[in-house]
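Novice: how does the following fold in three dimensions:
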Amino acid sequence: MKATRLTIVPFALALALTTAAAQTPAAEPSQPPASAGTSTDLFLMPGSDFDRPGLLPRANLNIGFGHTFAFLKHDFFGDELTFGYTYENAGSHGFFHTNYGSHTESLGIMKNFGLPKTTVLTGYTWVQAGLSSFTGYPHVENRYYSGASLGLAVHFNDHNGIWIQESYNKIDTVPIYTSTGVGYTWSW
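Specialist: Next up is the predicted model:
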């Protein structure tokens, strides 16, 4: 029962954040120019996990695709569907690869929202769920993954930008952990 409650927390957090974003009216100029229709995003996001004893950094490397749907702009939960792959190093070598890693494939929904008085910055919430595979043991161990993120996108133009996000993550049988990421996104 306790694990079930912990798994639901990221979804409840993201739901509350998207509700707040949906209820806050944003002026039309605060949306980036590309947000008027659909777009496809490729994102690369290297980051760190800071949940280990002593706050030792560990690799948290993400790559993925997202597609924004114009008809979902006013949807309660989100306007962009995502697929991502994350590699996390759980070994003793910080950012360097060891046999003890986790590989996570996840599907998600992202809610993008404009910030008042700016066209360069937008905010987003992102809820994900997927499967994590732990390596380095006699056999690969698979676990359910869920996560919720809150982020800020800095747009250079219609096609390039930087994402900065903080994520709350939960994998069954693993303590709750947070990760901080900064990444590049290319949209077309």
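Novice: can we go C-alpha only for contacts and neighbour counts from here?
Specialist: Will do.
Novice: my read: E141 touches L131, true?
Specialist: No - look at E141 against L131 with C-alpha atoms under 8 Å: they stay out of range, at 10.2 Å.
Novice: got the buried residues for stretch 70-79?
Specialist: Across stretch 70-79, burial judged by 16 or more other C-alpha atoms under 10 Å covers 73, 77-79.
Novice: what average pLDDT does it get?
Specialist: The average pLDDT within stretch 70-79 is 81.
Novice: could I get the full set of strands for this protein?
Specialist: 39-49, 58-68, 80-89, 101-114, 121-134, 141-155, 160-171, 177-187 (DSSP state E).
Novice: quick one: strands adjacent to the fourth one?
Specialist: Yep, that's strand 101-114 we're talking about. Using DSSP bridges, strand 101-114 pairs in its sheet with strand 80-89 (antiparallel), strand 121-134 (antiparallel).
Novice: confidence-wise, which of these is weakest overall?
Specialist: strand 80-89 has the lowest average pLDDT among the strands paired with strand 101-114, namely a mean of 91.
Novice: contact partners of that one?
Specialist: 58-69, 72, 95-98, 100-112 (C-alpha atoms under 8 Å, 6 or more residues apart in numbering).
Novice: do that again at 6 Å, thanks
Specialist: 58-68, 101-110 (C-alpha atoms under 6 Å, 6 or more residues apart in numbering).
Novice: looking at E141 and L131, which is more packed in?
Specialist: Set E141 next to L131 and count neighbours by other C-alpha atoms under 10 Å: L131 wins out with 18 against 12.
Novice: residues touching that one, list them.
Specialist: By C-alpha under 6 Å, 6+ apart, the neighbours of L131 are 104-105, 143-145.
Novice: if we use 7 Å, what do you get?
Specialist: By C-alpha atoms under 7 Å, 6 or more residues apart in numbering, the contact set of L131 is 104-106, 142-145.
Novice: of all pairs in those residues, which one is the farthest apart?
Specialist: Spanning the widest gap among the contacts of L131 are S106 and N142, at 13.0 Å by C-alpha to C-alpha.
Novice: so where is this protein shaky, pLDDT-wise?
Specialist: Applying pLDDT under 70 to the chain picks out residues 1-37, 49-57, 90-97.
Novice: from N99, how far off is the residue lying farthest from the centre of the chain?
Specialist: Largest separation from the mean C-alpha position in the chain: P138, at 30.3 Å (C-alpha atoms, centre = their mean). From P138 across to N99, the span is 11 Å (C-alpha to C-alpha, to the nearest Å).
Novice: brilliant, that's me finished.
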